[in-house]
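1. sequence and predicted structure, then a few things I'm wondering about:
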Amino acid sequence: MDTNNKTVEELNELLYEKMEREQAEYKQSLVDMEPLEILNHAYEYAVREDIVYALGYYDLPENQCRALLKSDTPVADICGYYMNCETHYMDTIRDSIESCADQKIREEKQSPGKEDAR
């Protein structure tokens with residue numbers, strides 16, 4: 001596909017469409033698997049969906065767009081890169097657990113007469 005005369009917007013649209021097709025193929029490959037094997041890929045599927053979704057709302061600069069268009073599997077490439085990044089995911093989970101517990105404690109204190117659930 002000749003992309004030399006494409007605008008940045010057109011390049012981003014081509015990339016988004018390419019990534020949607022790739023993700024649809026990935027989804028179909030999951031559907032063809034046994035249920036337990038599908039569960040083994042659930043996190044990867046969610047990350048891949050988020051990648052495609054994000055690109056739908058975020059335009060890349062021309063050079064980055066062209067670089068990803070050259071890839072046969074841009075979603076897989078980005079997902080692989082993400083999976084190898086150091087994230088604060090578990091810190092966010094821990095903080096959410098603690099915040100939820102603190103909220104429950106505040107709610108319990110505001111509701112007199114409730115007994116301890118244990």
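-> Yes, it's here.
2. how far does stretch 62-81 sit from the chain's center?
-> Remark: stretch 62-81 is offset 15 Å from the chain centroid, using Cα atoms, centre = their mean, to the nearest Å.
3. kindly report the same for stretch 26-42.
-> Remark: stretch 26-42 is offset 16 Å from the chain centroid, using Cα atoms, centre = their mean.
4. hey, which helix is longest across this structure?
-> For the chain, the longest helix by residue count, based on DSSP state H, is helix 8-31.
5. which strands or helices does that helix pack on?
-> helix 42-57, helix 62-69, helix 74-83 (3 or more Cβ pairs under 8 Å, 6 or more residues apart in numbering; DSSP states H and E). Yep, even glycine has a C-beta here, placed from its N, CA and C like the rest.
6. at 10 Å what do you get?
-> Using 3 or more Cβ pairs under 10 Å, 6 or more residues apart in numbering; DSSP states H and E as the contact criterion, the elements in contact with helix 8-31 are helix 35-40, helix 42-57, helix 62-69, helix 74-83.
7. pLDDT weak spots in this protein?
-> Within the chain, the stretches with pLDDT under 70 are 1, 113-118.
8. try 90
-> The model of the chain has pLDDT under 90 over residues 1-4, 83-91, 111-118.
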